[in-house]
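Undergrad: coords please:
(one chain, ligands or ions: 1)
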Amino acid sequence: MAVSLLPLVLSGVLAWYVGYILNQITNRNPKRPPIVFHWVPFLGSAASYGIDPYAFFHECRQKYGDVFTFVCMGRKITAYLGVRGNDFLFNGKLADLSAEEAYSHLTTPVFGKDVVYDVPNHVLMEHKKFIKSGLGFSQFRSYVPLILGEMDAFLNASPDFGPGKEGVADLLKSMPVMTIYTASRTLQGAEVRKGFDAGFADLYHDLDQGFSPINFVFPWLPLPRNRRRDRAHKIMQQTYLNIIKQRRSSTENPGTDMIWTLMNSKYRDGHPLKEHEIANMMIALLMAGQHTSAATIMWALTLLGSKPEVIEMLYEEQKRVLGEGENFHVDFDKYKDLPLLNYVIRETLRLHPPIHSIMRKVKRDLPVPDSKVVIPAGTHLLAAPGYSATHEDFFSRAKEFCPERWGERPDDEENAEQIDYGYGLVTKGASSPYLPFGAGRHRCIGEQFATMHLSTLISKFVHDYTWTTVLKVPEVDYSSMVALPLAPVKIAWKRRD
Ligand code: HEM
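TA: So this is what the prediction gives:
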C-alpha cells in the first residue's frame with residue numbers, strides 16, 4: 001500500500017514544485033514588490049544573502065529596482081535600498097514597523113527579560129535615556145586614561161605585540177580581547193573587568209554564540225550551544241546582581257559608572273529600575289558595544305596599514321595637538337581638534353559598518369511612496385545604509401579608503417531635522433547615505449562612547465607603532481552578525497623609537 005502511494009506523493013510534490021517555480025515567473029502582482037527568483041523553497045536566497053549581502057543587493061537592484069522581496073529561511077524580507085529606503089525604515093511610524101518583533105526572539109535569550117526588545121517601545125526609550133545619562137563627557141574624560149592603562153598592560157603581555165621592537169600581530173585574535181578589556185573597564189566598572197581575568201571570557205563567548213545567524217530563525221532549538229547560552233546568561237546576570245547588592249550595602253560614595261547611573265535612575269512615575277533590569281541592561285551594553293567596536297578597530301588598523309602615509313599624517317596631527325615625547329598627553333577634550341583621526345573613523349565605518357542589515361517587522365500594509373507597491377503586513381522590512389554608503393551615486397571612488405574625503409564633504413547631520421523620541425534629540429537622518437549608527441527612535445546611543453573608545457585606541461597605536469597590512473586588506477566575513485574582516489587579518493608592526 002505504502003509503496004503504491006509513493007509515485008502519487010512524488011508526482012504531487014513535483015506538481016507543487018513546478019507550480020511554485022512558475023508562480024515566481026508568471027504571477028507578478030504589480031501591487032507587491034517583485035520576488036527575487038529562487039529555486040529552493042524555504043531556503044530561498046539565504047545562501048547568496050548570507051555569503052555577501054551587498055553583492056546580493058546589488059544584483060537584485062539591477063534586476064528589480066530599489067524595492068524587492070526575497071525569501072530567506074522561510075521568511076519574506078522586503079529590502080528597500082538607497083537613501084529613500086533608509087528613511088522609510090528608520091523614520092517609519094511605531095504603528096507600522098516594529099523592531100521588537102524583528103529582533104526579540106534573537107536578543108531576549110542573550111540579554112534577558114524586561115530590557116531592549118523585550119519591553120514595549122516607550123520603556124526602551126526610557127531605558128535609552130537612563131543609559132545616555134551615563135555616557136557623558138565627564139565620564140569619557142575619566143575613561144581615556146583607563147583605556148590607555150588597559151592597553152599598555154594588554155599590549156606588553158600580548159604574544160602578538162609584546163615588549164619587542166617589531167613583530168606580526170593577528171588582529172582577529174588580539175583585538176576582540178583588547179576591546180573587551182578596555183570597554184568593560186570603562187563602561188562596566190572595575191569588578192566586571194576583573195571578571196574577565198577569571199572566567200568571564202568563556203561565559204561571554206557562550207552568550208555570544210546566541211547571536212549565531214541560525215538563531216535568527218530557530219532561537220529555541222535545544223542545541224548544546226543554546227543551553228550554554230542560557231547557562232552563561234544566568235551566571236552573568238547573577239554576577240551583576242551581586243555587584244549591585246554589594247554596592248547597595250556598602251558605604252562607598254556612588255560613582256559615575258554605568259551600574260551606579262542605572263542604580264540611581266528612576267522611571268517617569270518615580271519607581272527605580274529593578275535589579276534584574278539593571279543586570280540585563282549591562283549585559284546588553286556589553287554585547288552591543290563589543291562586536292561593533294572590535295570589528296571597527298580591526299578594520300581601521302588594516303585599512304591604515306594599507307596606507308602607511310595616513311598613519312604618518314595622523315602622527316603629525318597628534319604631535320601638533322597632543323604634544324611630543326615627555327609632553328605627549330592624550331586628552332579627551334582635544335579629540336575635537338584631531339580632524340584626521342575623526343575622518344579615519346568615519347571612513348572606516350563608511351566602508352565597513354558593522355551592521356549590514358537593519359530589520360523591522362511590518363505591522364500593517366505599507367504603501368511605498370510614489371509607486372503602486374504595497375508591502376504587506378507580516379513581512380520583514382530591511383534597510384542597508386552600508387549599501388548607500390559604498391555606492392558611487394553618493395561617494396566618488398566609493399570602494400576606496402580615503403579619509404580626507406570627509407574634510408571636503410558638507411556635514412549631512414549639521415542642518416538635518418532633529419526629533420526627540422524620549423532619550424534626547426537625534427537627527428532624523430532622512431537625507432544621509434551614511435548612517436552607520438542608524439537613525440530615528442532606534443538610533444545608537446553608544447556613538448559617542450564608541451568614537452571616544454576608537455579615538456583612544458587608534459591614537460595609542462599611532463603613537464607607539466608604525467605598521468603595514470600583511471598581504472592585503474582582508475575580504476569581509478559576513479557569517480556572524482557583524483561584518484568582520486576575513487582571516488588572515490595581520491599587520492607587521494615596528495615600535496617607534
Ligand atoms: C562602532 C560602534 C557601533 C556601531 C556602528 C553601532 C551601530 C548601531 C546601529 C546601526 C543601531 C541601530 C539598530 C537599528 O536601528 O535596528 C544601534 C543601536 C544601538 N546601539 Fe549601537 N553601535 C555601536 C556601538 C554601540 C555601543 C558602544 C553601545 C553601548 C554603549 C551601543 C548601544 C546601542 C543601543 C542601546 C542601541 C539602541 C537599540 C534600539 O533602540 O533599538 N552601540 N547601534
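Undergrad: and after the helix or strand containing Gln290, which helix or strand comes next?
TA: Applying DSSP states H and E as the criterion places Gln290 in helix 275-305. Next along the chain after helix 275-305, taking DSSP H and E as the criterion, comes helix 308-322.
Undergrad: buried set for whichever helix or strand comes after that next one?
TA: Counting by DSSP H and E, the element after helix 308-322 in chain order, helix or strand, is helix 339-351. For helix 339-351, burial by neighbour count (16 or more other Cβ atoms under 10 Å) applies to Leu340, Leu341, Asn342, Tyr343, Val344, Ile345, Arg346, Glu347, Thr348, Leu349, Arg350, Leu351. Bear in mind the C-beta positions are built from the backbone N, C-alpha and C, glycine included.
Undergrad: residue numbers of this structure in contact with the ligand?
TA: The chain comes close to the ligand at residues 99, 124, 128, 187, 285, 288-289, 292-293, 296, 349, 353-355, 358, 436-438, 442, 444-446, 449-450, as judged by Cβ under 6 Å from any ligand atom.
Undergrad: how close does the closest residue to the ligand within the stretch 301-450 of the chain get to Ala284?
TA: Of all residues in the stretch 301-450 of the chain, the one sitting closest to the ligand is Gly446 (2.1 Å; Cβ to the nearest ligand atom). Remark: distance between Gly446 and Ala284 (Cβ to Cβ, to the nearest Å) = 11 Å.
Undergrad: before we move on, what about Lys490?
TA: Lys490 is 32 Å from Ala284, by Cβ to Cβ.
Undergrad: same question for Trp467.
TA: For Trp467 relative to Ala284 (Cβ to Cβ), the value is 34 Å.
Undergrad: quick check: Leu381 is in a strand.
TA: Yes: judged by DSSP: H, G, I helix; E, B strand; the rest coil, Leu381 forms part of a strand.
Undergrad: so what's it up against?
TA: Neighbouring residues of Leu381 by Cβ atoms under 8 Å, 6 or more residues apart in numbering: 77-78, 80, 88-89, 92, 97, 359-362, 366, 375.
Undergrad: could I get the contacting residues of the residue of the stretch 1-150 of the chain found nearest the ligand?
TA: Nearest residue of the stretch 1-150 of the chain to the ligand: Ala99, at 5.1 Å (Cβ to the nearest ligand atom). Ala99 sits next to Tyr117, Asn121, Met359, Arg360, His442 when contact means Cβ under 8 Å, 6+ apart.
Undergrad: most neighbours of all these, which one?
TA: Counting neighbours by other Cβ atoms under 10 Å, the top entry in the contacts of Ala99 is Arg360, with 23 neighbours.
Undergrad: that one contacts Asn91, doesn't it?
TA: No: under the criterion of Cβ atoms under 8 Å, Arg360 makes no contact with Asn91, lying 11.2 Å away.
Undergrad: specify the residue ranges that define each domain of the protein.
TA: Annotated domains of the chain cover 28-109+355-395, 112-353+415-432+436-496 [the TED database].
Undergrad: for Cys444, give me phi and psi.
TA: phi -60, psi 140 (degrees, to the nearest 10).
Undergrad: so what touches stretch 457-465?
TA: Residues outside stretch 457-465 that contact it (Cβ under 8 Å, 6+ apart) are 147-148, 151, 155, 178-179, 182, 297, 300-301, 304, 311, 314-315, 318, 322, 328, 330, 338, 341, 344-345, 467, 493-496.
Undergrad: list the buried ones in stretch 389-402?
TA: Using 16+ other Cβ under 10 Å as the test for burial, stretch 389-402 gives Ala389, Thr390, His391, Phe394, Phe395, Ala398, Phe401, Cys402.
Undergrad: between the two ends of that stretch, how far is it?
TA: Taking Cα to Cα, to the nearest Å, stretch 389-402 runs 13 Å from one end to the other.
Undergrad: now it: mean pLDDT?
TA: Mean per-residue pLDDT for stretch 389-402: 96.
Undergrad: now that stretch: how far from the chain's centre is it?
TA: Relative to the mean C-alpha coordinate of its chain, stretch 389-402 is positioned 21 Å out (Cα atoms, centre = their mean, to the nearest Å).
Undergrad: what lies in contact with it?
TA: Contact with stretch 389-402 is made by 54, 82-83, 303, 306-307, 347-348, 350-351, 353, 388, 405, 433-436, 473, as judged by Cβ under 8 Å, 6+ apart.
Undergrad: for Ser11, grab the count of nearby residues.
TA: Summarising burial for Ser11: neighbours were counted as other Cβ under 10 Å, giving 10.
Undergrad: shouldn't it be within a helix?
TA: Yes: Ser11: assigned to a helix according to three-state DSSP.
Undergrad: let me see the contact set for it.
TA: Contact analysis of Ser11 by Cβ under 8 Å, 6+ apart lists nothing.
Undergrad: so Lys361: helix, strand or coil?
TA: Recorded secondary structure, Lys361: strand (three-state DSSP).
Undergrad: and Ser431, by the same measure?
TA: Ser431 is classified as coil under three-state DSSP.
Undergrad: quick one, strands of this structure?
TA: For the chain, applying DSSP state E gives strands covering 67-72, 75-80, 97-98, 166-170, 358-362, 366-367, 374-375, 380-383, 418-420, 425-427, 465-469, 476-477, 484-485, 490-495.
Undergrad: low-confidence ranges in the protein?
TA: Applying pLDDT under 70 to the chain flags residues 1-3, 198, 414, 429-430.
Undergrad: what is the nearest of the contacts of Ala99 to Leu8?
TA: Set against Leu8, the nearest of these by Cβ to Cβ is Met359 (40.9 Å).
Undergrad: show me the contacts for the nearest residue to Leu203 once chain neighbours are set aside.
TA: Leaving out its chain neighbours, the residue that sits closest to Leu203 by Cβ to Cβ, 6 or more residues apart in numbering is Ala232, at 4.4 Å. With contact set as Cβ under 8 Å, 6+ apart, Ala232 has these partners: Leu203, Tyr204, Asp206, Leu207.
Undergrad: so which of these are in helices?
TA: Leu203, Tyr204, Asp206, Leu207 (DSSP state H).
Undergrad: not including adjacent chain positions, what is the nearest residue to the last one?
TA: Nearest-residue entry for Leu207: Ala232, 4.2 Å, with adjacent residues in sequence omitted and distances by Cβ to Cβ, 6+ apart.
Undergrad: for Thr469, same thing?
TA: Nearest to Thr469 is Gly305, by Cβ to Cβ, 6+ apart, at 3.4 Å.
Undergrad: quick one: contacts for the one you found?
TA: Gly305 makes contact with Ile311, Trp467, Thr468, Thr469, Val470, Ile491, Ala492, according to Cβ under 8 Å, 6+ apart.
Undergrad: gap between the closest residue to the first one other than its chain neighbours and Asp477?
TA: What sits nearest to Ile311 in space, not counting adjacent residues and going by Cβ to Cβ, 6+ apart, is Leu304, at 5.3 Å. As judged by Cβ to Cβ, Leu304 and Asp477 stand 20 Å apart.
Undergrad: compare those two (neighbour count), which wins?
TA: Taking other Cβ under 10 Å, Leu304 and Asp477 do not tie; Leu304 has more neighbours (24 against 16).
Undergrad: surely that one meets Tyr343?
TA: No: taking contacts as Cβ under 8 Å, Leu304 lies outside contact range of Tyr343: 11.7 Å.
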